[in-house]
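Chemist: output the structure for:
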Amino acid sequence: MDTIISPIALYLICVLGAVGIAAALPRRNNAASIAGGLVLASAIGLAVLILGLGATKSGQPLPNYFFYPFAILALGASARMITHPRPVYSALYFILTIIASCGMYLLLSAEFMAFALVIIYAGAILITYLFVIMLATQAPSSAAEAFIDETDAVAREPVLASIIGFVLLAILTTAMFRGVSTLPAPTNQELAQDSVLLNLPTKVDRILDRAGILTESERVVRNADGTAALDIAARTITIENTDLNTIRVLGPDQWPDTLNAGNLDRLGYNLMHDHPMTIEIAGIILLMAMLGATVLARKHIELEDDLKAAQARKLGESMDQSMEAGNA
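Modeler: Predicted coordinates for the structure are as follows:
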């Protein structure tokens, strides 16, 4: 960890960030919000400077140039997301944070994670949040800050929340720096990545067919457990002809360059094979959020109807009293 950033500098940056966020969180007539934003920006700039100098001294390459605008957008939008007094604008800043994070995932060649962030968070969960916000809250009659609801205009426990958040950030960062150096070095990484092809025989058939290796009646041999008859280490493929009942083996020189497992193959297979219930639970959570929004909207409408009925009764009673007074 010392070769990249000093622990004292890391904890100092976390303290500055906590002070800046605590000062910038929404309050009534918060004059310190601008100063808090400047302190937070100083902490971010100091972190970038120290990390850049540490990487240069240790001989490690600096990140891609596109990393810096994406990182600045993500940090700035996330800070504004939790400091903006209006929930709808906070949701829009959250979209900007997601898009900037997708850019950094693309720089890491993690295309699936980038697309998943846009589809799931910006396309599903965030739309549900906005749906709940629009149904469960009532827009203020004026754009002035004095008319904003108290739950939006004033942050709850800003100091405690900032302290807890940045203490967790410091602990996680320290664990990450110290943990990476203790991990074992990867061995046979390419073989481990392509091993998922054993469980994707249809994909192997499709790639071989596009490469012109298979005839119309040929396919990769399936083992008893349904896996493809591939030897990843020896780079051999066993192919059967279903019409002639013959078998032939392709050697390493016939292994297509396109026959490899990408990020989408490995992550998609892992999600659907090892974590199917996780996807189902995510769908249930979205459904519960929509049902909750419907219930909140119904209560809001019923409350308005009760108020209108009470006003109508009061107006009728006052008219009756006026008529009785006039008759008298």
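
Chemist: going forward, measure contacts between C-alpha atoms and count neighbours the same way
Modeler: OK.

Chemist: how many neighbours does the spatially closest residue to Ala47 that is not a sequence neighbour have?
Modeler: Nearest residue to Ala47 in three dimensions, chain neighbours excluded: Ile13, at 6.6 Å (Cα to Cα, 6 or more residues apart in numbering). Using other Cα atoms under 10 Å, the number of residues around Ile13 comes to 21.

Chemist: any idea how far Ile247 is from Ile13?
Modeler: 65 Å (Cα to Cα, to the nearest Å).

Chemist: same check on Val196?
Modeler: 23 Å.

Chemist: the more surrounded of these two?
Modeler: Val196 (20 against 14).

Chemist: residues near the residue nearest to the more buried one when sequence neighbours are not counted, how many?
Modeler: In space, Val196 comes closest to Arg266 once its chain neighbours are excluded; the distance is 6.3 Å by Cα to Cα, 6+ apart. Neighbours of Arg266 under the rule other Cα under 10 Å: 15.

Chemist: wait, Arg266 sits on Leu198?
Modeler: No: the criterion here is Cα atoms under 8 Å, and Arg266 misses it with Leu198 at 11.3 Å.

Chemist: how about the strands in the stretch 51-200 of the chain?
Modeler: For the stretch 51-200 of the chain, no strands are identified by DSSP state E, counting those that start in this stretch.

Chemist: low-confidence stretches in it?
Modeler: 55, 58-62, 124, 128, 130-152, 179-193 (pLDDT under 70).

Chemist: residue nearest the centroid of the chain?
Modeler: Leu117 (4.9 Å; Cα atoms, centre = their mean).

Chemist: quick check, that one in contact with Cys102.
Modeler: Yes: using Cα under 8 Å, Leu117 makes contact with Cys102 at a distance of 6.8 Å.

Chemist: now the helices for the stretch 1-150 of the chain?
Modeler: 7-24, 33-57, 67-83, 87-107, 111-116, 126-136, 150-153 (DSSP state H, counting those that start in this stretch).

Chemist: go through those and name the closest to Phe177.
Modeler: helix 7-24 (10.1 Å; Cα to Cα).

Chemist: picking that back up, reformat the helices of the stretch 1-150 of the chain as CSV; add distance to Ala224.
Modeler: Shown next, in CSV, are the helices of the stretch 1-150 of the chain (distance: least, Cα to Cα, whole Å):
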stretch, distance to Ala224
helix 7-24, 55
helix 33-57, 51
helix 67-83, 47
helix 87-107, 38
helix 111-116, 31
helix 126-136, 45
helix 150-153, 61
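
Chemist: tell me which of the ones you listed lies nearest to Met277.
Modeler: That would be helix 111-116 among these, by Cα to Cα, at 17.1 Å.

Chemist: buried stuff in that closest one?
Modeler: For helix 111-116, a neighbour-count test (16 or more other Cα atoms under 10 Å) marks 111-114 as buried.

Chemist: with those in mind, which one is nearest to Ile281?
Modeler: For the buried residues of helix 111-116, the nearest to Ile281 is Met113 (18.7 Å; Cα to Cα).

Chemist: which residue is the nearest non-sequential neighbour of the closest one?
Modeler: Tyr105 is the one closest to Met113 (Cα to Cα, 6+ apart), at 6.6 Å.

Chemist: do Leu267 as well
Modeler: Leu267 sits nearest to Phe112 (Cα to Cα, 6+ apart), 7.8 Å away.

Chemist: Asn263 is in contact with the one you found, correct?
Modeler: Yes: contact between Phe112 and Asn263 holds when scored by Cα under 8 Å: they sit 6.9 Å apart.

Chemist: before we move on, the earlier item: so which of the helices of the stretch 1-150 of the chain is nearest Leu172?
Modeler: helix 7-24 (11.5 Å).

Chemist: what is the closest one packed up against?
Modeler: When contacts are defined as 3 or more Cα pairs under 8 Å, 6 or more residues apart in numbering; DSSP states H and E, helix 7-24 sits against helix 33-57, helix 67-83, helix 158-180.

Chemist: out of those, nearest to Ile8?
Modeler: helix 158-180 (10.7 Å).

Chemist: related to what we said a few turns ago, tell me who's in contact with the residue nearest to Leu267.
Modeler: 263-264, 267 (Cα atoms under 8 Å, 6 or more residues apart in numbering).

Chemist: and for Ser217, the neighbour number?
Modeler: 11.

Chemist: next one: Ala43
Modeler: 22.

Chemist: surely it and Leu16 touch.
Modeler: Yes: under the criterion of Cα under 8 Å, Ala43 makes contact with Leu16 at 5.7 Å.

Chemist: quick check: Glu324 vs Ile284, distance?
Modeler: Glu324 is 60 Å from Ile284, by Cα to Cα.

Chemist: how about Asp209: what's its closest non-neighbour residue?
Modeler: Per Cα to Cα, 6+ apart, closest to Asp209 is Thr215, 7.4 Å.

Chemist: what does Phe70 give?
Modeler: Nearest to Phe70 is Ala100, by Cα to Cα, 6+ apart, at 4.9 Å.

Chemist: same thing with Arg27?
Modeler: Using Cα to Cα, 6+ apart, the closest residue to Arg27 is Val154 (4.3 Å).
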